[in-house]
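Peer 1: Show me how the following folds:
(one chain, ligands or ions: 2)
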Amino acid sequence: MTQAILTDIEGTLSSRAFIRDELFPYAARRLPGFVREHSREPGVKRLLADVRAYAGRSLNDEALIERMLAWMQADQKITPLQALQGLVWEEGFQRGDFAGHVYGDAVDCLRGWHDQGLALYVFSSGSAHSQQMLLGHSQAGDLRPLFTEHFDTRVGGKKQIAAYKAIAERIGVPPGQILFLSDTVDELDAAGSAGLRTTCIRRAGDMRDAGGHPRAADFHGVDVNGAPSIRPVEADHAGD
Ligand SMILES: CSCCC(=O)C(=O)COP(=O)(O)O
Ligand SMILES: [Mg+2]
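Peer 2: Ligands and ions are numbered 1, 2, ... in the order given. Predicted coordinates for the structure are as follows:
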């Protein structure tokens, strides 16, 4: 029996268009000003130091901003950069520049599953803080009370088997009793190899293959206690 549901954000509970066409361009527009304004604050300073260390060279703030914008353009998932983006989005969410898009079927089912006693978790490349911003300022209101915990790439990359094992350990539920929902087959493969149940969300118009995972057109189509996904143990994918 499934006891816990772990869900991805982009392309799964929120639309790819919202993340790619609204959130990321907003972060790209605002990041330079944000860094110039806040770089002396301890939290921001620490994140900038971590990004600099990742770059492997000593860059001044302006060169670092250029590098971060290039990484964002290439959709590189770099943990401290994701955290900085989250701080930029926080300003936007709080100012009401946008509200988090969450599909209606996801809102209905997440509420229903929560009421049935299932524990709900998020695993996204977006920082845990930005996940909470999106869900706390969603078009359907504050959805944060539905979720027990948020995981980001500090636990490991989303295509890495070890990340799912670490999440299962952390939440204290056997992997076979956790259902992972995502639109990305490499993530589902990694979760399946860690022993989690999986379902691929393939919304209307998304013609990508589901890689052999159970598939659903939206959250209403998810069979929470369906047959476990049997996946061979595979090597971790590199990267995110
Ligand atoms: C406010 S959540 C930001 C989403 C994000 O930054 C991202 O990279 C989405 O990736 P996901 O792992 O949710 O597909
Ligand atoms: Mg996704």
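Peer 1: how distant is the lengthiest helix in the chain from the center of its chain?
Peer 2: Criterion DSSP state H: the longest helix present in the chain is helix 79-95. Relative to the centre of its chain, helix 79-95 is centred 14 Å away, using Cα atoms, centre = their mean, to the nearest Å.
Peer 1: got it, and stretch 2-14?
Peer 2: Relative to the centre of its chain, stretch 2-14 is centred 9 Å away, using Cα atoms, centre = their mean.
Peer 1: Next: stretch 39-53.
Peer 2: 22 Å.
Peer 1: Which single residue of the protein ends up nearest ligand 1?
Peer 2: When scored by Cβ to the nearest ligand atom, the chain has Gly126 as its residue closest to ligand 1, at 2.5 Å. The way it works is simple: take the backbone N, C-alpha and C, and place the C-beta from them, glycine included.
Peer 1: my guess is that residue meets Val88, correct?
Peer 2: No - applying Cβ atoms under 8 Å, one finds Gly126 not in contact with Val88, separated by 11.8 Å.
Peer 1: More neighbours: which of those two?
Peer 2: Gly126 (26 against 20; other Cβ atoms under 10 Å).
Peer 1: Run through who's touching stretch 215-225.
Peer 2: With Cβ atoms under 8 Å, 6 or more residues apart in numbering as the test, stretch 215-225 has contacts from 1-2, 5, 13, 103, 105-106, 108-110, 113, 118, 179, 181, 199-204, 214.
Peer 1: please redo it, this time with the cut-off set to 7 Å
Peer 2: 1-2, 103, 105-106, 109, 113, 179, 181, 199-204, 214 (Cβ atoms under 7 Å, 6 or more residues apart in numbering).
Peer 1: Now do the residue nearest the centre of the chain against Met1, distance only.
Peer 2: Central residue of the chain (Cα atoms, centre = their mean): Ser124, 1.4 Å from the mean position. Going from Ser124 to Met1 by Cβ to Cβ, to the nearest Å gives 25 Å.
Peer 1: try Gly11
Peer 2: On the measure of Cβ to Cβ, Gly11 and Met1 end up 27 Å apart.
Peer 1: ok so, going back, show me how to select, in PyMOL, the buried members of the contacts of stretch 215-225.
Peer 2: With 16 or more other Cβ atoms under 10 Å as the criterion, this PyMOL line picks the buried residues out of the contacts of stretch 215-225:
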select buried, resi 2+103+105+106+109+113+179+181+199+200+201+202+214
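Peer 1: how about the contacts of stretch 215-225, which pair is most distant?
Peer 2: The span of the contacts of stretch 215-225, defined through Cβ to Cβ, is set by Met1 and Ala204 at 30.1 Å.
Peer 1: can you pull out the strands in this protein?
Peer 2: Ranges of strands in the chain, per DSSP state E, are 4-7, 119-123, 147-151, 178-182, 197-201, 215-216.
Peer 1: Let me have the ones you listed in JSON lines, adding mean pLDDT as columns.
Peer 2: Formatted as JSON lines, these follow (pLDDT from 0 to 100):
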{"stretch": "strand 4-7", "mean pLDDT": "98"}
{"stretch": "strand 119-123", "mean pLDDT": "98"}
{"stretch": "strand 147-151", "mean pLDDT": "98"}
{"stretch": "strand 178-182", "mean pLDDT": "98"}
{"stretch": "strand 197-201", "mean pLDDT": "97"}
{"stretch": "strand 215-216", "mean pLDDT": "96"}
